[in-house]
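S.K.: test case, fold it:
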Amino acid sequence: MAEQNTPDYPPMMELERELTRKERQIEYLQTELRRYHNLMEELKQGMRPIGTVEDVRGDTALVKLSGGQAFQVSIPPEMKEKVTTEVDAVLSPTKGVIVDVIERLKDRAILEYQVEKSPKIFYDDIVGLDKELNSLRQAVEWILDAQVRQRREKIIRDSRMLEEAGSILLFGPPGTGKTFMAKAVAGTISKRGKNTCFLKIESYEIVSKWLGESAKNVKEVFKLARDSAPSILFIDEADAIGRARMEATTDAGRDVQGMLNQILTELGEGFHVNRNVAVIFATNFPSVIDPALLDRIKRVIYVPPPRTKEAVKSLVDSYVSKVELDPSITDYAGGIAKEAFDEIWNIIRNRRQTYEATMPERGINVRDQYVITPRDVKNLVQEAASEASFVGEPFVTQDRLVTLFKSLCADERSSRLVS
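M.R.: Residues are numbered from 1 along each chain as shown. Below you'll find the predicted structure:
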């Protein structure tokens, strides 16, 4: 009788893990697809004006829009009990009838949960971005740290020169550490005893389907940042709200213009406009930013990905030092041994990602090729630790890291091009 072959368990387990990863990717893509379908349906309905209910008299109400226009509108019978001076009213496109109401303080309460006080990320946590971090510190530390501000005020004798620093724009490929750098500033200044808040806002949180509401949201965000001062207001995906203006022929176009105009107003000019508030924009697409907004931005900083083998090694060392690593592949400094990293490098060295960005107004023309980003490394190390804990292993092994780095190269995401 022929000997029966034993099952090949390790390859089977690897296939199961790969299947699980693919299923997660499919679930994510399906969620994104549903979100975009919903957004398209909302856009088809057009922009609906929204304003503050100033007065209610019988079956009519006085509604004031964010632009200052006031309209006397009708209240349908089914809306009479809902329309009060404590809510905002959604009007029909003709601005003649109230079609819905919105609780006025709801959005503000949600935003307040996003204020992070004294983040636990510091300058020492930033790897490979010394030049960029130093440039960011020069631009924002004097705004948040009273001692640094006093030293600056002693040097500048004419008080008219003490205008606020405007804002800062960080740009670069996704996952290079733009948010991390901004948060490290707040964390380090807090560590010095100057408790600093970090407020991160995704641009899609500001944009509203209601006409006039986007500009109002911008105003609320800046007010929250000032109320939380000293603070860093970090606006991610700035291209979504700061895109160059064109002639507006629709309500949606006018709403976008109104939102950008409100941003320019909030940034303002003058020393006391945003005292103790540093405004940092971040984007992967700097070439589409409106010239008027660029004019208010005092400093533009490119946040590059690691370009060399040594830079990638430092990045991997930084993250593996934060987890339990197989002692046989650990070097004396707590990072990964050279031989173990060489195996990983040979896997990813031929991976090619391309990033391009141009900003003629600032004389910036960037074209970078790289193999991996800090976010990629962080995600892989976290996943390796999660898988090790799931199967009961006490540490992350070389085989597990190698498998995940191979998976990253196999998935080979398309390059992010910015023109």
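S.K.: so for stretch 359-370, mean pLDDT?
M.R.: Average pLDDT, stretch 359-370: 89.
S.K.: just use 55 as the starting number from now, easier for me
M.R.: Yes, from this point I'll number from 55; that puts the last item at stretch 413-424.
S.K.: report the buried residues of it.
M.R.: Residues 413, 420, 422, 424 are the ones in stretch 413-424 that count as buried (16 or more other Cβ atoms under 10 Å). Glycine gets a C-beta too; all of them are placed from N, C-alpha and C.
S.K.: equivalent analysis for stretch 238-247, please.
M.R.: Buried residues in stretch 238-247, counted by 16+ other Cβ under 10 Å: 238-244.
S.K.: please enumerate the helices of this protein.
M.R.: Assigned by DSSP state H, the chain shows helices spanning 63-98, 160-166, 184-198, 200-209, 232-245, 257-260, 267-281, 305-321, 345-350, 363-374, 392-402, 428-444, 452-465.
S.K.: mean pLDDT lowest where, among the ones you listed?
M.R.: The minimum mean pLDDT among the helices of the chain belongs to helix 160-166 (a mean of 53).
S.K.: what's around the nearest residue to Glu170 once chain neighbours are set aside, how many residues?
M.R.: Residue nearest to Glu170 in three dimensions, not counting chain neighbours: Phe252, with 4.5 Å by Cβ to Cβ, 6 or more residues apart in numbering. Look at Phe252: counted by other Cβ atoms under 10 Å, it has 25 neighbours.
S.K.: what about Phe252, distance to Ala236?
M.R.: Going from Phe252 to Ala236 by Cβ to Cβ, to the nearest Å gives 7 Å.
S.K.: show me the common contact partners of these two, please.
M.R.: Contact criterion Cβ atoms under 8 Å, 6 or more residues apart in numbering; residues shared by Phe252 and Ala236: 286, 288.
S.K.: who's in contact with Asp371?
M.R.: If a contact means Cβ under 8 Å, 6+ apart, then Asp371 has 385, 387-390 as its contacts.
S.K.: list buried residues within these.
M.R.: When the contacts of Asp371 are checked for burial by 16+ other Cβ under 10 Å, the buried set is 385, 389-390.
S.K.: and these as TSV, adding pLDDT and distance to Gln192?
M.R.: TSV is the format used below for the buried ones among the contacts of Asp371 (pLDDT from 0 to 100; distance: Cβ to Cβ, whole Å):
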residue	pLDDT	distance to Gln192
Asp385	85	34
Gly389	88	30
Ile390	92	33
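S.K.: helices or strands up against the lengthiest strand in the chain?
M.R.: Determined from DSSP state E, the single longest strand within the chain is strand 102-111. Applying 3 or more Cβ pairs under 8 Å, 6 or more residues apart in numbering; DSSP states H and E, we find strand 102-111 packed against strand 114-119, strand 141-145, strand 152-157, strand 264-265.
S.K.: give the partner strands of that strand in its sheet and their orientations.
M.R.: Sheet pairing for strand 102-111, assigned by DSSP bridges, gives strand 114-119 (antiparallel), strand 141-145 (antiparallel), strand 264-265 (parallel).
S.K.: and the gap between the closest residue to Ala394 other than its chain neighbours and Thr233?
M.R.: In space, and not counting its chain neighbours, Ala394 is closest to Ile383: 4.0 Å by Cβ to Cβ, 6+ apart. From Ile383 over to Thr233 the distance is 30 Å, taken as Cβ to Cβ.
S.K.: could you do Ile355 as well?
M.R.: Ile355 is 13 Å from Thr233, by Cβ to Cβ.
S.K.: off-centre distance for stretch 348-364?
M.R.: Relative to its chain's centre, stretch 348-364 lies at 15 Å (Cα atoms, centre = their mean, to the nearest Å).
S.K.: first to last residue in that stretch, what's the distance?
M.R.: One end of stretch 348-364 sits 34 Å from the other (Cα to Cα, to the nearest Å).
S.K.: can you report how many residues neighbour Thr408?
M.R.: Thr408 has 14 nearby residues by other Cβ under 10 Å.
S.K.: beta partners of it?
M.R.: Beta bridges link Thr408 to Gln423, judged by DSSP bridges.
S.K.: report pLDDT for the closest residue in space to Arg246 that isn't next to it in sequence.
M.R.: The shortest distance from Arg246 to any residue other than its chain neighbours is 7.0 Å, reached at Asp199 (Cβ to Cβ, 6+ apart). Per-residue pLDDT puts Asp199 at 85.
S.K.: which ones are touching Asp199?
M.R.: Contacts of Asp199 by Cβ under 8 Å, 6+ apart are 243, 246, 248, 284.
S.K.: now, the most widely separated pair of those?
M.R.: Across these, no pair lies farther apart than Arg246 and Pro284, at 11.3 Å, counting by Cβ to Cβ.
S.K.: re earlier: dump the contacts of Asp199 to TSV, plus distance to Asn188.
M.R.: Below are the contacts of Asp199 laid out as TSV (distance: Cβ to Cβ, whole Å):
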residue	distance to Asn188
Ile243	15
Arg246	17
Lys248	19
Pro284	20
